[in-house]
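>>> model this:
(one chain, ligands or ions: 1)
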Amino acid sequence: MAATAVHLGVARSAIEAEIAARPALVIADARVLGAHPLRIEAPLLSIEGGEPSKTLAALERVLRRAAGEGCDRQATFVAVGGGSIGDLAGFAASVYLRGVRYVQVPTTLLAMLDSSVGGKTAVNLPEGKNLVGTFWPAQLVLMDPAFVATLSEPEYRSGLGEALKIGIGLSAPLFDLLERERAAVLRRDPGALAAMLELALAAKIAVVESDPRENGPRRLLNLGHTLGHALEAHGAGALPHGVAVARGLHFALELANERGTIAAGAAGRCRALLAAYGFAATPLPPAAALAPFVARDKKAQDGGLHVVLPTGIGSSQTCHLPLEAIIARLR
Ligand SMILES: NC(=O)c1ccc[n+]([C@@H]2O[C@H](COP(=O)([O-])OP(=O)(O)OC[C@H]3O[C@@H](n4cnc5c(N)ncnc54)[C@H](O)[C@@H]3O)[C@@H](O)[C@H]2O)c1
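Now for the predicted structure:
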């Protein structure tokens with residue numbers, strides 16, 4: 001799989017120049033375009049962003065617009081938006097004419113530190129989220145942290161949940177930065193954001209490059225996601241992804257504590273960091289209501305689940321745990 005070139009701190013004019021450099025179809029989040037107009041001549045498809053944009057109908061819209069514009073194999077699809085537009089446009093790029101060049105301009109914190117790197121694309125079906133997709137890494141990711149300024153607070157916090165996951169599970173330097181620069185990160189200080197993104201991306205890229213198809217080490221990126229996905233599904237998508245993951249991180253710390261994979265001092269520091277960012281170990285829905293969603297986890301195998309447990313500051317491991325042990329802990 002081709003590696004992705006990630007450029008951090010790219011000015012808007014450089015993004016516009018990249019779009020102008022070759023034939024392109026720009027697929028952009030309508031809200032982003034409103035807040036950050038682009039001066040481009042390339043064909044532009046504006047799509048209402050967010051989860052509802054990840055449909056087969058939206059995919060058809062993108063593909064038919066590309067065909068209508070006469071895009072050939074030399075075309076580049078450019079996604080300007082969060083993870084939703086990125087997942088949709090990336091999927092479209094992977095199947096149009098059996099695959100065309102793909103460039104991402106992520107505009108949410110979550111897309112910058114998570115979804116724009118790693119190559120996963122998807123749309124949803126009425127039967128479930130991300131059920132149709134491909135691995136199609138962007139050749140180029142252009143990040144301008146200035147986009148983050150207009151994100152709503154819930155969307156920003158959702159991205160922070162993922163940043164905390166990487167700090168706790170993969171990167172001690174990121175953990176330290178998040179502890180040290182809390183106030184600056186919370187007020188979206190551009191310098192603190194750039195430093196946070198640099199460390200988070202280094203950690204994510206190292207894991208993804210070692211396991212492009214998610215057969216091994218990449219599973220570590222699922223820290224906090226066993227309970228996080230179950231909470232999202234239980235709440236029918238009402239809980240932002242990163243907030244659900246942050247609650248899942250508390251749960252993973254409890255499991256790690258119970259199984260002795262992490263020292264009490266390190267676990268305490270992790271819990272304190274989550275709390276410092278406003279992610280408390282809030283009461284969970286009843287275990288009986290959550291259990292079916294936990295059991296449906298894509299990592300379920302042989303009556304158990306591959307769960308990621310923290311083992312220290314910035315480190316984690318995958319453990320296969322019986323489903324009953326997880327449900328018992330939920331109680
Ligand atoms: N491919 C992957 O590896 C991967 C990883 C994580 C998540 N995802 C997917 O990403 C999606 C979530 O993406 P997301 O959290 O980035 O949000 P999003 O793309 O769903 O956007 C959320 C909201 O923020 C708005 N928005 C986006 N950028 C903005 C900006 N700069 N200013 C103001 N508003 C802005 C959008 O219009 C939308 O209303 C989910 O579908 C999830 O499945 C994919």
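>>> and residue 271, how far is that from residue 240?
20 Å (CB to CB, to the nearest Å). No exception for glycine: its C-beta is placed from N, CA and C like everyone else's.
>>> and residue 252, by the same measure?
Shown here: residue 252 relative to residue 240, a distance of 18 Å by CB to CB.
>>> ditto for residue 180
When distance is defined by CB to CB, residue 180 is 25 Å away from residue 240.
>>> what do you get for residue 44?
Residue 44 sits at a distance of 28 Å from residue 240 (criterion: CB to CB).
>>> in terms of neighbours, single out the busier of the two.
residue 240 (20 against 17; other CB atoms under 10 Å).
>>> give the contact list for the more buried one.
154, 155, 157, 158, 161 (CB atoms under 8 Å, 6 or more residues apart in numbering).
>>> can you count the residues close to the residue nearest to residue 302 when sequence neighbours are not counted?
Once its chain neighbours are removed from consideration, residue 302 has its nearest residue in residue 320; the separation is 7.6 Å (CB to CB, 6 or more residues apart in numbering). Residues within reach of residue 320, counting by other CB under 10 Å, total 12.
>>> so residue 320 sits against residue 308, correct?
No: here residue 320 does not reach residue 308: they are 11.1 Å apart, not a contact under CB atoms under 8 Å.
>>> distance-wise, check the residue nearest to residue 302 relative to residue 273.
Taking CB to CB as the measure, residue 320 falls 27 Å from residue 273.
>>> got it, and residue 289?
Here the distance between residue 289 and residue 273 works out to 29 Å (CB to CB).
>>> neighbour count winner among those two?
In this view residue 289 and residue 273 are compared by other CB under 10 Å, and residue 273 has more residues nearby, 20 against 12.
>>> what sits against that one?
Contact partners of residue 273, counting by CB under 8 Å, 6+ apart, are 164, 167, 168, 175, 178, 179.
>>> tell me which element the nearest residue to the fourth one once chain neighbours are set aside falls in.
Closest residue in space to residue 175, ignoring its immediate chain neighbours: residue 167 at 3.9 Å, by CB to CB, 6+ apart. Under the assignment given by DSSP states H and E, the secondary-structure element containing residue 167 is helix 153-169.
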